[in-house]
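Asker: Build me a model from this:
(one chain, ligands or ions: 2)
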Amino acid sequence: MKILNVDQIRALDQSTIEHEPIAPINLMERAALAFVDWFVDHFPNTTPVKLFCGLGNNGGDGLAIARLLLEREFPIEVYVVRYARRESDDFMHNHRRLKLLTENIRYVEVAQEIPGLRHNELIIDAILGSGLSRPTEGIVKNVIDVINRSPATVVAVDIASGLYVDKPNAPSDTIVEPDYTITFQLPKLAFMLPKNSRYVGDWHIVDIQLHKRYIDLAPTPYYYTQSRDARLLLRKRDKFSNKGSFGHALLMVGSYGKMGAAVLATKACLRSGVGLLTVHVPKCGYDILQIAVPEAMCRPDGNPNVLTGTPDRGASELGSPTPADYAVVGIGSGIGQAPETLDMLKGLLKTLKKPMVIDADALNLLSENRELLKQIPPNSILTPHPKEFERLTQKWDNDYQKLDILREFAQKYRVVVVLKGANSAIATPDGDIHFNSTGNPGLSTGGTGDVLTGVLTALLAQNYDSVEAAVLGVFAHGLAGDRVAAKRGQIGMVATDIIEALRWE
Ligand SMILES: NC(=O)C1=CN([C@@H]2O[C@H](COP(=O)(O)OP(=O)(O)OC[C@H]3O[C@@H](n4cnc5c(N)ncnc54)[C@H](OP(=O)(O)O)[C@@H]3O)[C@@H](O)[C@H]2O)[C@@H](O)CC1
Ligand SMILES: [K+]
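Answerer: Ligands and ions are numbered 1, 2, ... in the order given. Below you'll find the predicted structure:
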């Protein structure tokens, strides 16, 4: 699903009006109805509602919502925040319609006119929407402060008042902190960014049938991966396939004390459809791996504790293939940062041409030796968490700058970068960024990154292209986390649960 910028959202509105065609006021009615459908599904009509609206079209939506909720017998009070003298046409229209139904519309121009808010009430925030052009101030700021201090549940219409759709707010900006945001048609870039989470809450999209062709043609670097997007990427298995059809992967993982990471990556790789899997581990990990995962072949390193890349004498794999002989190499989980391991990584980068998966300590080794970055095979997938990415690049002032740095890095080195976190951001060599929709805070626990490395290695081995593998793998990994959370909660979740919950249909 695409994420459009604020100018495109405005143009989409116009395009819908012209092409459907539909009168603007009827489009506003459609938006209000879609909001109300969600609302009545979530709150009983005994809940007292206070609705705050501004004077533009977000406020117009609010007035239409107020009328529709009154018709559904919600006890609702409407407060028009009069920050200016100019109302939009559709605001005026809905104001007239609402007045036919109720006298109970109040106007807030000074702080004394702001009502008290109680915990059993619901607040609907329709003060400012995507038309925000400057920081909130004066009476708008006062109202937002009162809303944010109140214990009431807050639902924002389209976007929290005071939050920009696609550019950074200043730390000093006053912005509504909603429990829910019900947004029209498309997700907004602001919703994807970690620092905005308190200004977004739990967000949901409602479909208001905006012009589909405009959306299809609109250029954008930003995408949001939902279930149907992921399903389109997933391939079915051919009836006549065999294990050779799904690639032979090599994982180079583990070190003394970190063999758990190796086992997790191995199991996840096998649970993600790889045809054959060889795992190169330091010699100390040989028994561990063979016992823990009988499905994988093991290539013990000559070194007892860390990876050097040189197999132990007597390692019995047929014809002793080199890493370049495998369909894909996944490297990093639990490998540590020993000098011998760095030498191994340097050697691999010199010889490997096919995309690799690079994670964890392999990324830390790269950040200590940035001259190696340009040797990474094109279309490799790197999976840093924000701290690892900062070490690879630089500090950022805000989440938008982080996206710029992410995009530039992926383009410069022609790699796919999975920046892990809530709404993991996947940057492609072409400059696109795909935000993931699955996953939950339960995934913030040791070993889940190793699981992802295994998943991505398996997908590359099966010949998914790197962007598809990253988008699909990250989605499936997060979805597995959501399944575990639904079954046993977020707090007790461990990485092994994620592996068990992976599904590929
Ligand atoms: N697009 C769509 O697809 C659909 C959109 N719909 C709805 O329309 C909403 C967008 O409406 P909108 O464009 O009228 O802007 P809105 O946010 O109501 O602001 C009003 C005006 O306030 C002003 N202003 C700006 N910042 C300010 C500040 N800090 N303090 C005070 N004033 C400030 C600014 O005017 P300015 O002063 O900059 O000229 C601005 O124009 C959208 O969120 C959705 O709810 C749906 O109905 C149907 C489908
Ligand atoms: K709003």
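
Asker: Where does pLDDT dip in the stretch 251-400 of the chain?
Answerer: For the stretch 251-400 of the chain, residues meeting the criterion pLDDT under 70 lie at 315-320.

Asker: Show me where it has its helices.
Answerer: With DSSP state H, counting those that start in this stretch, the ranges of helices along the stretch 251-400 of the chain come out as 259-270, 286-292, 339-351, 360-368, 386-392, 399-413.

Asker: Any chance you could list what contacts stretch 70-79?
Answerer: If you take CB atoms under 8 Å, 6 or more residues apart in numbering as the criterion, stretch 70-79 is touched by 36, 40, 45-53, 62-63, 66, 69, 98, 101-102, 104-108, 114-115, 143. In short, each C-beta sits where N, CA and C put it, glycine included.

Asker: now do 10 Å
Answerer: 36, 39-40, 43-53, 62-63, 65-69, 95, 98, 101-102, 104-108, 113-115, 121-124, 126-127, 143 (CB atoms under 10 Å, 6 or more residues apart in numbering).

Asker: Tell me which residues of it come out buried.
Answerer: Under the neighbour-count criterion of 16 or more other CB atoms under 10 Å, stretch 70-79 has 70, 74, 76-79 buried.

Asker: From those, pick the one nearest ligand 2.
Answerer: Taking CB to the ion as the measure, ligand 2 lies nearest residue 79 of the buried residues of stretch 70-79, at 13.4 Å.

Asker: Quick check on the closest one: phi, psi?
Answerer: The phi/psi pair for residue 79 (degrees, to the nearest 10) reads phi -120, psi 120.

Asker: Tell me what it is bridged to.
Answerer: Note on residue 79: beta-bridge partners residue 52, residue 106, judged by DSSP bridges.

Asker: Could you check how far it is from residue 107?
Answerer: 8 Å (CB to CB, to the nearest Å).

Asker: One more: residue 153?
Answerer: Counting by CB to CB, the gap between residue 153 and residue 107 amounts to 24 Å.

Asker: Comparing these two, which shows the higher neighbour count?
Answerer: Comparing residue 153 with residue 107 by other CB atoms under 10 Å, the one with more neighbours is residue 153, at 19 against 10.

Asker: correct me, but that one touches residue 123?
Answerer: Yes. Between residue 153 and residue 123 there is a contact at 7.0 Å, judged by CB atoms under 10 Å.

Asker: Need the residues touching each of those two.
Answerer: 49, 178-179.

Asker: Narrow these to those that are buried.
Answerer: 49, 178.

Asker: Nearest to residue 14, out of the shared contacts of residue 153 and residue 123: which one, please.
Answerer: residue 178 (27.3 Å; CB to CB).

Asker: tell me the contacts of that closest one?
Answerer: Residue 178 neighbours (CB under 10 Å, 6+ apart): 123-125, 147-148, 153-157, 159-161, 163, 198-203.

Asker: part of a strand, is it?
Answerer: No. Under DSSP: H, G, I helix; E, B strand; the rest coil, residue 178 sits outside any strand and is assigned coil.

Asker: Next one: it from residue 126, what distance?
Answerer: Going from residue 178 to residue 126 by CB to CB gives 11 Å.

Asker: Nearest the geometric middle of the chain, what residue?
Answerer: With distances taken as CA atoms, centre = their mean, residue 423 lies nearest the centre of the chain, 1.6 Å away.

Asker: thought that residue was touching residue 403?
Answerer: No. In this structure residue 423 lies outside contact range of residue 403 using CB under 10 Å: 11.4 Å.

Asker: The residue in the stretch 151-300 of the chain that ligand 1 sits nearest to - how many residues pack around it?
Answerer: Using CB to the nearest ligand atom, the closest approach of the stretch 151-300 of the chain to ligand 1 is made by residue 158 at 3.8 Å. Neighbours of residue 158 under the rule other CB under 10 Å: 26.

Asker: Check residue 191 too.
Answerer: If you count neighbours by other CB under 10 Å, residue 191 ends up with 23.

Asker: ok, the closest residue to it other than its chain neighbours - contacts?
Answerer: In space, and not counting its chain neighbours, residue 191 is closest to residue 200: 5.0 Å by CB to CB, 6 or more residues apart in numbering. Contacts for residue 200 were tallied using CB under 10 Å, 6+ apart; they are 156, 159-160, 163, 175, 177-178, 180-181, 183, 187-188, 190-193.

Asker: How about the residues of the chain by ligand 2?
Answerer: Residues of the chain found near ligand 2 (CB under 5 Å from the ion) are 58, 125, 129, 156-157, 161.

Asker: let's see 6 Å
Answerer: Residues of the chain lying near ligand 2 by CB under 6 Å from the ion: 58, 125-129, 156-161.

Asker: Kindly reformat those residues as a markdown table containing secondary structure.
Answerer: Output for the residues of the chain next to ligand 2, formatted as a markdown table (three-state DSSP):
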| residue | secondary structure |
| --- | --- |
| 58 | helix |
| 125 | strand |
| 126 | strand |
| 127 | coil |
| 128 | coil |
| 129 | coil |
| 156 | strand |
| 157 | strand |
| 158 | coil |
| 159 | coil |
| 160 | coil |
| 161 | coil |
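
Asker: Mind putting the residues you listed into JSON lines with pLDDT?
Answerer: Shown next, in JSON lines, are the residues of the chain next to ligand 2 (pLDDT from 0 to 100):
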{"residue": "58", "pLDDT": "98"}
{"residue": "125", "pLDDT": "98"}
{"residue": "126", "pLDDT": "98"}
{"residue": "127", "pLDDT": "98"}
{"residue": "128", "pLDDT": "98"}
{"residue": "129", "pLDDT": "98"}
{"residue": "156", "pLDDT": "98"}
{"residue": "157", "pLDDT": "98"}
{"residue": "158", "pLDDT": "98"}
{"residue": "159", "pLDDT": "98"}
{"residue": "160", "pLDDT": "98"}
{"residue": "161", "pLDDT": "98"}
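
Asker: how many neighbours does residue 430 have?
Answerer: As a burial measure, residue 430 scores 12 neighbours (other CB under 10 Å).

Asker: so what's it closest to, chain neighbours aside?
Answerer: residue 411 is the one closest to residue 430 (CB to CB, 6+ apart), at 7.5 Å.

Asker: my guess is the one you found meets residue 431, correct?
Answerer: Yes. If you go by CB under 10 Å, residue 411 and residue 431 touch, sitting 5.3 Å apart.

Asker: Tell me which of those two has more neighbours.
Answerer: More crowded of residue 411 and residue 431, by other CB under 10 Å: residue 411, with 15 against 11.

Asker: Just list the residues touching the more buried one, thanks.
Answerer: 427-432.

Asker: Do you know the pLDDT at it?
Answerer: pLDDT, residue 411: 98.

Asker: hmm, back to that, any idea how far residue 218 is from the residue of the stretch 151-300 of the chain closest to ligand 1?
Answerer: Residue 158 sits 18 Å away from residue 218, taking CB to CB as the criterion.

Asker: And the furthest pair within the contacts of residue 200?
Answerer: With distances taken as CB to CB, the most widely separated pair in these is 177 and 187, at 18.8 Å.

Asker: More neighbours: which of the two?
Answerer: Taking neighbours as other CB under 10 Å, residue 177 and residue 187 compare with residue 187 leading, 24 against 20.

Asker: so what's the more buried one up against?
Answerer: Contacts for residue 187 (CB under 10 Å, 6+ apart) come out as 1-4, 181, 200, 203-205, 222-224, 226, 423, 435, 437.

Asker: Now which of the residues you listed would you call buried?
Answerer: 1, 3-4, 181, 200, 203, 205, 222-224, 423, 435, 437.

Asker: Farthest pair within those residues?
Answerer: Farthest-apart pair in the buried ones among the contacts of residue 187 is 181 and 223; separation 19.4 Å (CB to CB).
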